[in-house]
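>>> this one's sequence-less:
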């Protein structure tokens, strides 16, 4: 009786899954053939005849598969039940084909519903992948890998996954062949070069179309330019004209490490190329780290997931910043520490610290993880102590001694009344965690968290000890209040997540390999990682090219500059050439990144008693308003112009100067 009931239960489960697959496939085919998904998802718009046809097609598929399955299992008994059960489980991922069709049309979705829908879909897909894999031969014997096999795998990792197939077959590698060893690194190196060139071209094009601004590319160009010319860390567009005065905003000491590359061709364009190249190089330590834990095919795939990561693309398209650059040096630090090459980890650690003072917070958490996990306890304690000491000294002693900055204001809802600044924020974190938790519960923060974690299939959350990987990023993004850029993947702040979530994903996948029944679950999770990355990139990424990509506040067109835009830049540089090198000049915001000189000010923030004003008369609050006001009072006079541009000169030196 027990056996009969067991067979009957298996038959019902197999039949239910089979008819579900049939209905989903029918829905997918019907939607794909008639292209109804977009309007159907947005407005539920479909004529009654079309709607009934969709329902009839699905019903017919259900009846057909259900009838055939039931009759076959009834006539041929238990063996037929087992075959149907095995077949339906192997085809389990097809049950999601119906919902997939509308998900393949990103323009049909708003950001938050899209993030939720994609996350649910990927997690359900992982479950169907596991069902599919469980139906086949056990992976690794269905449990722990035998000791001898584990040793052989440790000594020689065979590429697996889609990219493993490329490395073995497309490159012609077999078993222990030479190409099998060099194939994966070659794929990673080619992908790094491709990303660097691709992003450099499109970001430079954006700059040449005047899609960059004084905030922030113009400011960083001024910092590099002044440092190159013997005036370290001045930021004249912010009226920080004393040496080292930029330290009142951020400790961007890594300017000195990058200065030799900037000197090759000083200007904003080299900064964009440097940023794209350094970001691309982050794929190398990700591959190296993952290859010591996973099959090389999976390690290569993880590196490619990094290069296709939408938060990386958004920050890459938003001017120039040090957070995404720092991520590469943090990744290098993790890689070298894991490989016990401390002589390389130290300079990588120091450059990462020097990128910005807040990078040290993530490095301190890295040190804590290394110490508590037992991977590198002594090195971890040293990293945590060094990073913590640097942050406290820089943020609470050196930077306040140079000047005050506004950046604590992004936590203003967390500061107690009468105690502004970071000290008050820390007091709230420690004394009122319930209030802090309430500030996290917003739609924008949920959407942002899903966009960060979906491309890595939420792997950093799979193990409690890996949650440390998301804390540094959370501190500088979801913990902030009433400052939209910190919870948008189109800004640089996502760089606080990037160097930690990818190593955490590799550790999570490796942990599955040690669990009972883990290899199958690990492969399913790896499949979810690939699927989540592809869907997230299709929605929010910049690869392949699309009409626009959200970078910073704006939708950035992915196209070359027009003839008119190139002429506009030439006209701007001609007017700039009329200004003496020693003179001061205030420039409107879109034009400011195209000018490189010592005494350069932001017309958006005022004239700052500049000798000259160079601006776009149509730039309104980005500069024209201030220029037109001064022109009306007679302080300035126009001395030259080009189409869409005007050059003004101060009539008389103000008495205050």
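Okay, I see it. Keep in mind the model is a prediction, meaning the values are calculated, not measured. Residues are numbered from 1 along each chain as shown.
>>> Which stretches in the stretch 501-650 of the chain count as strands?
Counting by DSSP state E, counting those that start in this stretch, the segments of the stretch 501-650 of the chain that form strands are 548-551, 554-557, 585-587, 600-602, 612-615, 636-642, 645-650.
>>> Buried deepest among those, which one?
Taking mean count of other C-beta atoms under 10 Å as the contact definition, the stretch among the strands of the stretch 501-650 of the chain with the greatest mean neighbour count is strand 585-587, which reaches a mean of 29. Placement of C-beta: from N, CA and C, glycine included.
>>> What helices and strands are in contact with that strand?
The contact analysis (3 or more C-beta pairs under 8 Å, 6 or more residues apart in numbering; DSSP states H and E) places strand 585-587 against strand 600-602, strand 612-615.
>>> could these go into a markdown table alongside mean pLDDT?
A markdown table is the format used below for the helices and strands packed on strand 585-587 (pLDDT from 0 to 100):
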| stretch | mean pLDDT |
| --- | --- |
| strand 600-602 | 95 |
| strand 612-615 | 96 |
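>>> Identify whichever of those lies nearest to residue 132.
Smallest distance to residue 132 across the helices and strands packed on strand 585-587 (C-beta to C-beta): 57.7 Å, for strand 600-602.
>>> now for that closest one, which elements pack on it?
Based on contacts counted as 3+ C-beta pairs under 8 Å, 6+ apart, the elements that strand 600-602 packs against are strand 585-587.
>>> Which strands border the strand it packs on, and is each parallel or antiparallel?
Based on DSSP bridges, the pairing partners of strand 585-587 within the sheet are strand 600-602 (parallel), strand 612-615 (parallel).
>>> Identify the residues contacting that strand?
Surrounding strand 585-587, the residues in contact under the criterion C-beta atoms under 8 Å, 6 or more residues apart in numbering are 214, 218, 576, 579, 595, 597, 599-603, 606-608, 610-615, 623, 626-627.
>>> pLDDT below threshold where in this protein?
By pLDDT under 70, the weakly predicted segments of the chain are 1-6, 34-39, 136-180, 404-408, 418-421, 516, 652-657.
>>> Can you give me the domain assignment for it?
2-108, 158-556, 563-650 (automatic domain parsing).
>>> so can I have JSON lines of the ones you listed showing distance to residue 135?
Listed next are the domains of the chain as JSON lines, based on distance: least, C-beta to C-beta, whole Å:
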{"stretch": "domain 2-108", "distance to residue 135": "4"}
{"stretch": "domain 158-556", "distance to residue 135": "10"}
{"stretch": "domain 563-650", "distance to residue 135": "57"}
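>>> before we move on, back to that, could the helices and strands packed on strand 585-587 go into JSON lines alongside distance to residue 433?
Rendered in JSON lines, the data for the helices and strands packed on strand 585-587 read as follows (distance: least, C-beta to C-beta, whole Å):
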{"stretch": "strand 600-602", "distance to residue 433": "40"}
{"stretch": "strand 612-615", "distance to residue 433": "49"}
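>>> wait, doesn't residue 319 sit right on residue 556?
No. With contacts counted by C-beta atoms under 8 Å, residue 319 stays clear of residue 556, the gap being 10.5 Å.
>>> just so I know, which of the strands paired with strand 585-587 lies nearest residue 591?
strand 612-615 (6.6 Å).
>>> How far does the closest one sit from its chain's centre?
Put simply, strand 612-615 sits 37 Å off its chain's centre (C-alpha atoms, centre = their mean, to the nearest Å).
>>> count of residues packed around residue 12?
Taking other C-beta atoms under 10 Å as the criterion, the count of residues near residue 12 is 13.
>>> so which of the helices and strands packed on strand 585-587 comes closest to residue 588?
Between residue 588 and the helices and strands packed on strand 585-587, the shortest separation by C-beta to C-beta is 3.8 Å, and it involves strand 612-615.
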